[in-house]
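Visitor: Show me how the following folds:
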Amino acid sequence: MSGWLKPLRRMRSYSGQGSDMSRNERESGSTGSANELNVVERGDGWFKVQNRQTGNICTIMDTFAEMFPMWVGRVLITAVTEEWALISAQAATGFASSIIMSPAEAGVEKTVPGSEAPDGRPGAIIQFYHTFGYALKAQMLTRIGQCVMTCPTTAAFNALTDRPAKLLRIGKSLSLFGDGFQQRGTVGDRKVWRIPRMDGEFIVEERFAVKRGVAGGMFLILAKDQPSGLAAAKASVEAIRKVDGVILPFPGGICASGSKVGSMKYKLPASTNHPFCPTLRDVVNDTQVPEGVRSVYELVFNGLNREAVQKAMAEGVRAATTVSGVVKITSANYGGKLGPYKAVLKEVLGL
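Guide: Here you go, the predicted structure:
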């Protein structure tokens, strides 16, 4: 276990070596879902599409998102009602929008009915991400302990069914809270700890699996005004949330303060993405905001694997194109320096 606790290389230094993704898998491909877009014009570095459903036309830039590996854990929280499971899930995934300044990246993936839970109760699945394995373990331990165990009627189970890289004894560590009154038990074929608390018992699975996931899926929606931009971003969020294995870590799934790496003026790890700030269009020389665009929103999503992130990008972009007022959709990258995996817009869209 000592090797697991050693810090991993920083994400910008990843070469892809040691990953479970082959070189061919790193290249983007179509998600294979039905295409709702017609290409009506192509230019140098861009193409214009028309949404078949609404007839809206917008420009999509011929660029890509640059994705990178992060360690991920997946947890199922169950409770007496779905409401309580979601209350706990939202608390456990708080302050976890971006690893740049947050202690983790996390989000609610989906709710599940009791028929899909080990204890027969409704639940919510959440995901936690971190660049370093030892830090992910600490985040899972503290967040489950402080935000799940403390919530009325809850229980916590491992929800990562893929082949794990490691199994963490989260339940064993949390069981010490029982002060000697805790007991081992089983729920179905799962080994759990039963920890006494004031409303009964907190049931927590003994081991939680973690593996390498994929972070950094993203695209930008450029719209003529804030109402249309926000409507398009919300439509994208709704579409992405239907993709299994994916989370959107920012509030409501939308990032209004997109960042660039570093700062031109201060010693900061990140600063405002000034080329995409509409209010700076006439101030900076490197603006990427076209005339007539007054609102830009960024969609960021992580997933259990590359295919899930690519599908999320495709579904999100298609949903954004249904909204009138969307002028352009693009993505951002750092020339391959940020991460080894690419999601090329035209390829994930099958265009």
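
Visitor: host element of the residue nearest in space to the middle of the chain?
Guide: For the chain, the residue nearest the mean C-alpha position is Asn302 (2.8 Å; C-alpha atoms, centre = their mean). Following DSSP states H and E, one finds Asn302 within strand 295-303.

Visitor: rewinding a little: just the pLDDT at the residue nearest to the centre of the chain, thanks.
Guide: Predicted confidence (pLDDT) for Asn302: 98.

Visitor: So it is in contact with Ala215, correct?
Guide: Yes. In this structure, Asn302 is within contact of Ala215 by C-beta atoms under 8 Å, at 4.3 Å. From N, CA and C alone the C-beta is placed, and that goes for glycine too.

Visitor: Report the spatially nearest residue to Gln139, omitting neighbours in sequence.
Guide: Counting by C-beta to C-beta, 6 or more residues apart in numbering, Gln139 lies nearest to Ala104, which is 4.3 Å off, once chain neighbours are set aside.

Visitor: With Thr78 instead?
Guide: In space, and not counting its chain neighbours, Thr78 is closest to Gly123: 3.8 Å by C-beta to C-beta, 6+ apart.

Visitor: sorry, back to before: tell me which helix or strand comes right after the strand holding Asn302.
Guide: helix 306-320.

Visitor: what inclination does that next one have with respect to strand 295-303?
Guide: Helix 306-320 and strand 295-303 are oriented at 150 degrees to each other (axes from the mean of the first three to the mean of the last three C-alpha atoms, to 10 degrees).

Visitor: the bottom helix or strand of this structure by mean pLDDT?
Guide: helix 23-26 (a mean of 37; mean pLDDT, DSSP states H and E).

Visitor: Quick check: buried residues in the next helix or strand after that one?
Guide: Once helix 23-26 ends, the next helix or strand along the chain (criterion: DSSP H and E) is strand 37-43. Going by neighbour count (16 or more other C-beta atoms under 10 Å), the buried part of strand 37-43 is Leu37.

Visitor: Pull up the overlap in contacts between Asn302 and Ala215.
Guide: 70, 105, 129 (C-beta atoms under 8 Å, 6 or more residues apart in numbering).

Visitor: mind listing which of these are in strands?
Guide: Among the shared contacts of Asn302 and Ala215, the members found in strands (DSSP state E) are 70, 105, 129.

Visitor: Name the residues linked to the last one by a beta bridge.
Guide: Pointing back at Tyr129 there. Val72, Glu105 (DSSP bridges).

Visitor: these two touch, right, it and Asn302?
Guide: Yes. Applying C-beta under 8 Å as the test, Tyr129 and Asn302 come out as touching, 5.5 Å apart.

Visitor: okay, and the common contacts of these two?
Guide: With C-beta under 8 Å, 6+ apart as the test, Tyr129 and Asn302 both reach 70, 72, 105, 213, 215, 249.

Visitor: which one of those is nearest Arg190?
Guide: Val72 (20.0 Å; C-beta to C-beta).
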